[in-house]
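Asks: Got a predicted structure here, sequence first:
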Amino acid sequence: MPSGPVAGAGTPPVPDATELELTAQELRDLDPESILDTSFHRGRATLIAEPTRIKTVIEHLFGKGYASIASLHGVDYYPDEPRLGVLYELLDMKRVDRISVKARVHTEAPVIPSIVDLYPGANFPEREVFDMFGVRFEGHPDMRRILMPEDYEGFPQRRDFPTGGEPVLFTYNEEQTYGKWQ
Amino acid sequence: MSSLTEDFRRREESITLSSEPAGQGETHELLTLNIGPHHPATHGVLRLLATLEGEIVRDVKPIIGYVHTGIEKTAEDKSYWKVIPVVERMDYVSYYFNAMAFCGAVETLLGVEVPPRAQYLRVIHLELNRIMSHLVWLGTSALDIGAISMLWYCFREKEAILDLFEMSSGQRMHTRYFQVGGVIEDIPRGFEAKLRAFLKEMPRRADQYAALLERNEIVLERLRGTGIVDQETMLKLGVTGPLLRATGNPWDLRKAQPYSSYDHFDFRIPVGTVGDNYDRYRVRHAEFYESVKIIEQAIDGLPEGPFITPDRKVSLPPRHELATSMEALIHHFKLVTEGFRVPPGEAYYPVEGPRGELGCFVRADGSAKPARVHMSDPSFVNLQAFHYMVKDGYIADLIASLAMLDPILGGIDR
């Protein structure tokens, strides 16, 4: 059990840098191409995984005790490539430990295997990432938009998607407002 | 489970829900019923597509997104301190928790230490908010299962809490009281006396709620043994909060990963036994008493000192400094115009909200605006368990289960 930062200071205890490297090495032994990189910043341990091997990584971490996913979300790293990131915040409820796994995909082919069969709780969050960033989760039972309308075009959380000026029916001063149709 | 349900279970083996059109066969007929989005029992703008066989629910699909307002996108266009008011509007019943998760994530990225007094003041307001959120839940849920008077009793106490919020921050809802590095203002004179009066009153009121509900045959019939989901399924679905605790798992971040000085307080985690709707009710009801205990200890032991970090790069200088110090004036100008810059990095900060783990992810790119804000809202995750709660139960139990699930659609849709 790694010693966490001071209790009450707000930072949750996470595996320290050494343990993160050991975990990464275990995964590399399992599949040499699974882990691309690791990062340890402000007490946050992140494994940067190869998107096609994400299921191997998550399954192994589940086996190590990180058995639940506290959050699954997307990030747009515009202008860096690969632009889109899918983050899995894994949680070990027994040891009270957190580790995050990140997989980066390109906007041209934003596809990543779904982990719904491993963890049914990933169903809605994966749909949300698809809805907002356009990352397709292969093997997801119901890959549809979840928050935006079904006929919506574009992926609104991407950084190059403009804000404001969403066309609204019966807008009386539509000509004067700013927006993407200009 | 009645013999009727068992009978349906037995016959269900021959039904394939997805392919069989309604009205086929002599013994069963499937009916698809749309509930909502505008329906008083859906606790907001939630739409449910229920497939019924007689009165038995065979399948339910929640359809969400009706109050999606793109708050996460809006947050990317605002400086950090201006994000707080918009994230508070996500889960609009537990706004202090949203602000706490966001501020915690930004504080982690900045490496700012929150003074002890601010941590205690945060705990007081968080726990008041938890009581308030549970009161809204109890009032509306009791209304759903037919106990109309409960709504007025619960909202009476809710008003007392809102008065306290108004006293400390000037706002009744969406208070913007929590700031990065602490809280915006110290509590005013008279707040303590009013808070203590409320703390004295609240356990007595909670006793009254229990007396009204727990000996009521109708309430017991509606809640006991309905909507049972076992612990394993809940864990696999990522469900946290009172729903998970009702199954007997004492997972609570306030104990497991204490933040904001929660480890200084003596309190217990109420858990249920079987995980039915009655346990969910009892767990939340018991949390009234525990929250009151936490607030009492926090106000008794409230440390002296600053209420916000003295780091002038993050927090506004006090008014009197502006008149005498050029440096303070420059800091004030920089903070108000551009806001503070946050070094590049990513942070995920979870807190225990009234509905479960509320985690805020913030990615900073070095500028004065966050590059990504994501709120992992417990209502959104917990809604996935709804199908398991209502399948093969009566449609009346669907309403009770939804009430005990306690979804806040503002948090689900964000």
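Replies: In hand now; what should we look at? Numbers count the residues shown, from 1 in each chain, chains lettered A, B, ... in the order given.

Asks: For the stretch 51-200 of chain B, what lies in contact range of chain A?
Replies: Residues of the stretch 51-200 of chain B lying near chain A by CB under 8 Å from any CB of the partner chain: B:64-65, B:68, B:70, B:72-74, B:76-77, B:104, B:107-109, B:111, B:113-114, B:119. Bear in mind the C-beta positions are built from the backbone N, C-alpha and C, glycine included.

Asks: Sorry, wrong one. I was asking about the stretch 201-350 of chain B.
Replies: Residues of the stretch 201-350 of chain B lying near chain A (CB under 8 Å from any CB): B:235-239, B:251, B:256-264, B:345-350.

Asks: taking the residues you listed one by one, which sit in helices?
Replies: Among those, DSSP state H puts B:235, B:236, B:256 in helices.

Asks: any chance of those residues in a markdown table, with neighbour count too?
Replies: Converted to a markdown table, these look like this (neighbours: other CB atoms under 10 Å in any protein chain shown):
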| residue | neighbour count |
| --- | --- |
| B:235 | 19 |
| B:236 | 18 |
| B:256 | 19 |
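
Asks: Would you map the strands across the chain?
Replies: No chain specified, so I'll use chain A. For chain A, the strands defined by DSSP state E occupy A:35-41, A:44-49, A:68-76, A:84-92, A:97-105, A:111-113, A:136-138.

Asks: wrong one, I was asking about chain B
Replies: With DSSP E as the criterion, chain B has strands spanning B:30-35, B:47-53, B:56-63, B:178-179, B:182-183, B:345-353, B:356-364, B:370-376.

Asks: Mind giving me the packing neighbours of the second one?
Replies: It refers to strand B:47-53. Applying 3 or more CB pairs under 8 Å, 6 or more residues apart in numbering or on different chains; DSSP states H and E, one finds that strand B:47-53 contacts strand B:30-35, strand B:56-63, helix B:395-405.

Asks: who touches stretch B:103-115?
Replies: The contact list for stretch B:103-115 (CB atoms under 8 Å, 6 or more residues apart in numbering or on different chains) reads A:9-11, A:42-44, B:80, B:84, B:122, B:178-182, B:259-260, B:305-311, B:314, B:340, B:342-343, B:345-349, B:351, B:360-362, B:364, B:370.

Asks: end-to-end on stretch B:84-99?
Replies: Chord length of stretch B:84-99, first to last residue, is 6 Å (CA to CA, to the nearest Å).

Asks: Of all the residues in that stretch, which ones are buried?
Replies: Using 16 or more other CB atoms under 10 Å in any protein chain shown as the test for burial, stretch B:84-99 gives B:84, B:86-99.

Asks: before we move on, what about stretch A:71-78?
Replies: Applying a neighbour-count criterion of 16+ other CB under 10 Å, one finds A:71, A:72, A:73, A:74, A:75, A:76, A:77 buried in stretch A:71-78.

Asks: before we move on, what about stretch A:146-158?
Replies: Buried residues in stretch A:146-158, counted by 16+ other CB under 10 Å: A:146, A:147, A:148, A:155, A:156, A:157, A:158.

Asks: I'd like the buried residues of stretch A:71-78 written out as CSV, with distance to chain B added.
Replies: Below are the buried residues of stretch A:71-78 laid out as CSV (distance: CB to the nearest CB, whole Å):
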residue, distance to chain B
A:71, 3
A:72, 8
A:73, 4
A:74, 8
A:75, 5
A:76, 7
A:77, 8
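
Asks: on that earlier part again, can you tell me which of the residues of the stretch 51-200 of chain B next to chain A are buried?
Replies: Buried by 16+ other CB under 10 Å: B:64-65, B:68, B:70, B:72-74, B:76, B:104, B:107-109, B:113-114, B:119, out of those.

Asks: what's the closest of those residues to residue A:86?
Replies: Nearest to residue A:86 among those is residue B:72, at 15.5 Å by CB to CB.

Asks: Identify the residue nearest the closest one in space, chain neighbours excluded?
Replies: Excluding the flanking residues, the one nearest residue B:72 by CB to CB, 6 or more residues apart in numbering or on different chains is residue B:373, at 5.4 Å.

Asks: Was I right to think the one you found contacts residue B:78?
Replies: No: Residue B:373 lies out of contact with residue B:78 (CB atoms under 8 Å); the separation is 9.4 Å.

Asks: Go through the helices and strands packed on strand B:47-53 and name the closest to residue B:195.
Replies: Residue B:195 sits nearest to helix B:395-405 of all those, at 29.4 Å, using CB to CB.

Asks: Any buried residues in the closest one, and which?
Replies: Within helix B:395-405, the residues scored as buried using 16+ other CB under 10 Å are B:395, B:397, B:398, B:399, B:400, B:401, B:402, B:403, B:404, B:405.

Asks: How about the contacts made by residue A:72?
Replies: Residues in contact with residue A:72 (CB under 8 Å, 6+ apart) are A:86, A:87, A:88, A:89, A:122, A:125, A:126, A:129, B:376.

Asks: Roughly how far does residue B:48 sit from residue B:41?
Replies: Distance, residue B:48 to residue B:41, by CB to CB, to the nearest Å: 10 Å.

Asks: For the two, indicate the residue with more neighbours.
Replies: residue B:48 (23 against 18; other CB atoms under 10 Å in any protein chain shown).

Asks: Enumerate every residue touching the more buried one.
Replies: Contacts of residue B:48 were listed using CB under 8 Å, 6+ apart, and they are B:34, B:35, B:36, B:42, B:60, B:61, B:62, B:63, B:398, B:402.

Asks: Next: residue B:346.
Replies: A:41, A:44, A:46, A:75, A:87, B:109, B:361, B:362, B:363, B:364.

Asks: Please consider this matter closed, and thank you.
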